[in-house]
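1. when you get a sec, could you give me coordinates for this:
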Amino acid sequence: MYRHRIFYGKVVFSILPKKNIGALLGCLLLVVGCSAQETAREVTPPKIMVEVVAPIRQDMESVLRYPCQIRPATQVYVTSKIGGKVAAVYHDIADKVTVGDPLFALDTTDIDNNIRTLQAQIHTAEAAVRSAETGVALATGSQLQSQINQASGAVLQASSGVEQARIACLQSELGVSNANQALEQAQLTYKDLERDLQNSQKLLAVGEVTRRQLEQLELALEQMHLRLQQAELGQSQALLNHELAKTMLEQAESSQRLAESSLALVSNQVPLEAKQRAEDTLNQATAQRDALLTQLITAETALAEAVVRAPISGTITSRQVEVGAMIGTSTMAFTLMDIETVYASINISESHLNKVQVGMEMKVRIAAVREEDYWGKIEVIGIAAAPGAAVFEVRLALPNAEGAIKPGMYAEVNLVALREEGVLVLPRGAILADSNSHYIYVVENDVAYRREVRLGIEVGNMVSILSGIQSAEAVVVKGNKGLSHGAAVTMVNTLS
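-> Predicted coordinates:
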């Protein structure tokens with residue numbers, strides 16, 4: 001018997017005898033049923049794998065960070081009220097001093113000489129006053145011979161004062177001459193060194209002079225420049241001394257003329273207007289003596305000011321003087337800072353001004369000192385906005401008894417602009433948005449449901465949720481980009 005095979009899909013049929021037709025139909029029905037089941041499985045969509053997280057409840061803060069620099073409570077630049085040569089230095093950088101402690105002292109040789117000269121002139125001037133008083137007494141009828149003797153003694157004493165003043169004037173002229181010669185020599189030497197340095201710089205390029213030789217010339221030029229400055233200052237001091245000596249000579253000669261005038265008045269017994277003239281002479285002599293006394297007070301004040309003392313209690317942060325150096329009244333010899341308390345000043349906008357008040361404490365981070373934040377207390381809030389900007393100064397004080405915080409360090413002041421307590425928080429990746437709202441997907445019984453939420457503060461990667469979720473719900477945090485409402489999901493991981 002022949003068998004004919006018919007191919008239909010995956011099933012092979014053969015023409016069989018009639019007695020096998022029933023068995024064939026059974027097999028056919030079985031194959032068709034299996035094929036239908038496979039088709040049904042293929043069209044069922046697969047579940048989407050997602051990772052979920054449960055919202056946590058915590059406090060959230062929106063913090064504004066203000067960079068600033070640390071400043072000392074007080075900073076004072078110490079200068080000398082008089083110029084001169086530094087004779088001694090008593091303190092150095094980082095030393096702590098108390099108000100009134102001596103910092104450095106100037107040479108007082110010239111001041112001491114000036115005081116001695118003034119004391120001698122005052123002695124002469126007092127003699128002139130006594131002589132003038134004699135003249136007044138003569139004019140009123142005192143014994144003539146006694147007055148003549150006193151007047152003669154006054155003239156001799158005044159003449160002695162003139163001689164001393166002339167000697168001092170000659171000595172000061174010699175000092176000026178020596179100072180001029182020293183200055184000229186310093187100028188010539190400086191020019192020679194400057195010319196040698198220029199030539200050596202050219203020779204360095206062709207290798208005829210070494211770098212070491214050039215540096216030695218530069219150092220010598222710098223040292224010569226200091227000597228030139230000292231010579232210029234020495235010349236100025238010598239000229240000043242000479243002018244002072246000439247003034248003293250003029251005053252001594254004036255005293256001598258007054259004494260001689262008194263003697264002549266007594267000797268000649270001028271009757272007309274004798275009393276008035278004698279009183280005028282006395283007034284002049286008294287005025288000259290008082291002027292000398294004023295100069296003496298000024299010189300003694302300068303002597304006291306030759307020792308420069310600390311104007312505040314604090315720490316020395318810089319020193320610009322050395323023994324032997326010449327300084328002027330503008331030289332900032334020392335810098336003192338009071339760093340027992342330091343300050344951090346920030347500028348905040350008017351919109352945040354109502355969040356601060358005097359006495360409030362704020363966190364201050366100074367990374368250069370330690371990881372832990374400091375607490376600063378607000379001492380000052382500006383009462384007016386800074387010119388050209390709607391910002392107000394807020395100044396915080398930080399205790400610094402150990403001195404760990406240094407002026408000039410960078411700091412960051414934290415201002416809590418907004419605070420939410422006990423709110424639910426989710427990672428930022430769980431939040432999706434469209435044009436109308438923010439939303440999340442919550443998984444219930446392996447089905448994702450879209451849920452609109454209202455957001456609060458965002459800090460780093462975390463966002464507070466003000467409404468739309470409960471604390472025990474599972475929120476999709478990964479795999480939510482392609483989800484739709486009602487989609488079947490499989491939770492492959494639950495994040496904490």
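
2. I figured P427 hits M462, correct?
-> Yes: A contact is recorded between P427 and M462 when judged using C-beta atoms under 8 Å, the distance being 6.3 Å. In short, each C-beta sits where N, CA and C put it, glycine included.

3. what are the buried residues along stretch 298-313?
-> By neighbour count with 16 or more other C-beta atoms under 10 Å, stretch 298-313 contains the buried residues 299, 302-303, 306-312.

4. give me the pLDDT for the closest residue to P72 other than its chain neighbours.
-> If you skip the residues right next to it in sequence, P72 has M337 as its closest partner in space, 4.0 Å away by C-beta to C-beta, 6 or more residues apart in numbering. At M337, the predicted lDDT confidence score is 94.

5. repeat for the one 3 residues further on
-> For E340, the pLDDT comes out at 92.

6. quick one: contacts for it?
-> Applying C-beta atoms under 8 Å, 6 or more residues apart in numbering, one finds that E340 lies in contact with 73, 399-401.

7. neighbour-wise, give me the winner out of those.
-> Greatest neighbour count in the contacts of E340, by other C-beta atoms under 10 Å, goes to N400: 21 neighbours.

8. list the contacts for that one?
-> Applying C-beta under 8 Å, 6+ apart, one finds that N400 lies in contact with 339-342.

9. number of residues surrounding K363?
-> 16.

10. and it, what element?
-> Element membership for K363, per DSSP states H and E: strand 361-365.

11. strands of the stretch 301-450 of the chain, start to end?
-> Counting by DSSP state E, counting those that start in this stretch, residue ranges of the strands within the stretch 301-450 of the chain are 307-309, 314-319, 326-327, 334-349, 361-365, 374-381, 391-399, 410-427, 432-433, 438-444, 447-459.

12. tell me which of the ones you listed sits nearest to A231.
-> If you check each of the strands of the stretch 301-450 of the chain against A231 by C-beta to C-beta, strand 326-327 wins as the nearest, at 9.8 Å.

13. work out for me the element L292 sits within.
-> Assignment of secondary structure by DSSP H and E places L292 within helix 274-305.

14. which strands and helices lie in contact with that helix?
-> The helices and strands touching helix 274-305, judged by 3 or more C-beta pairs under 8 Å, 6 or more residues apart in numbering; DSSP states H and E, are helix 109-139, helix 211-268.

15. just want the angle from the first one to helix 274-305.
-> Right, helix 109-139. If you take axes from the mean of the first three to the mean of the last three C-alpha atoms, to 10 degrees, helix 109-139 sits at 160 degrees to helix 274-305.

16. for helix 109-139, packing partners?
-> helix 144-205, helix 211-268, helix 274-305.

17. so which of those helices is nearest V99?
-> Using C-beta to C-beta and comparing the helices and strands packed on helix 109-139, the one that lies nearest V99 is helix 274-305, at 16.1 Å.

18. would you mind listing the buried residues in the closest one?
-> Those buried within helix 274-305 under the rule 16+ other C-beta under 10 Å are 274, 277-279, 281-282, 284-286, 288-289, 292, 295-296, 299, 302-303.

19. cool, stretch 351-358 as well?
-> Residues 353, 356 are the ones in stretch 351-358 that count as buried (16+ other C-beta under 10 Å).

20. cool, and stretch 332-351?
-> Using 16+ other C-beta under 10 Å as the test for burial, stretch 332-351 gives 333-346, 348.

21. do the same with stretch 428-439
-> Taking 16+ other C-beta under 10 Å as the basis for neighbour counts, the residues of stretch 428-439 that come out buried are 430-432, 439.

22. please apply the same query to stretch 439-451.
-> Taking 16+ other C-beta under 10 Å as the basis for neighbour counts, the residues of stretch 439-451 that come out buried are 439-443, 448-449.

23. now tabulate those residues in JSON lines and tack on distance to T247 and pLDDT.
-> As requested, these are arranged in JSON lines below (distance: C-beta to C-beta, whole Å; pLDDT from 0 to 100):
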{"residue": "Y439", "distance to T247": "96", "pLDDT": "94"}
{"residue": "I440", "distance to T247": "95", "pLDDT": "92"}
{"residue": "Y441", "distance to T247": "100", "pLDDT": "94"}
{"residue": "V442", "distance to T247": "101", "pLDDT": "94"}
{"residue": "V443", "distance to T247": "104", "pLDDT": "93"}
{"residue": "A448", "distance to T247": "104", "pLDDT": "92"}
{"residue": "Y449", "distance to T247": "105", "pLDDT": "94"}
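
24. any idea how far E194 is from L214?
-> E194 sits 13 Å away from L214, going by C-beta to C-beta, to the nearest Å.

25. oh sorry, the question was meant for H438
-> Shown here: H438 relative to L214, a distance of 72 Å by C-beta to C-beta.

26. what residues does the residue nearest to V391 when sequence neighbours are not counted make contact with?
-> The spatial neighbour of V391 that comes closest, neighbours along the chain excluded (C-beta to C-beta, 6+ apart), is N347 at 3.9 Å. With contacts taken as C-beta under 8 Å, 6+ apart, N347 has the following neighbours: 66, 386, 389, 391-394.

27. same thing but 7 Å
-> 386, 391-393 (C-beta atoms under 7 Å, 6 or more residues apart in numbering).

28. can you list the buried residues in stretch 162-180?
-> For stretch 162-180, the neighbour count (16+ other C-beta under 10 Å) marks 162, 164-165, 168-169, 172, 175-176, 179 as buried.

29. any chance of these in JSON lines, plus distance to S318?
-> Formatted as JSON lines, the buried residues of stretch 162-180 follow (distance: C-beta to C-beta, whole Å):
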{"residue": "V162", "distance to S318": "50"}
{"residue": "Q164", "distance to S318": "46"}
{"residue": "A165", "distance to S318": "45"}
{"residue": "A168", "distance to S318": "41"}
{"residue": "C169", "distance to S318": "43"}
{"residue": "S172", "distance to S318": "37"}
{"residue": "G175", "distance to S318": "35"}
{"residue": "V176", "distance to S318": "36"}
{"residue": "A179", "distance to S318": "32"}
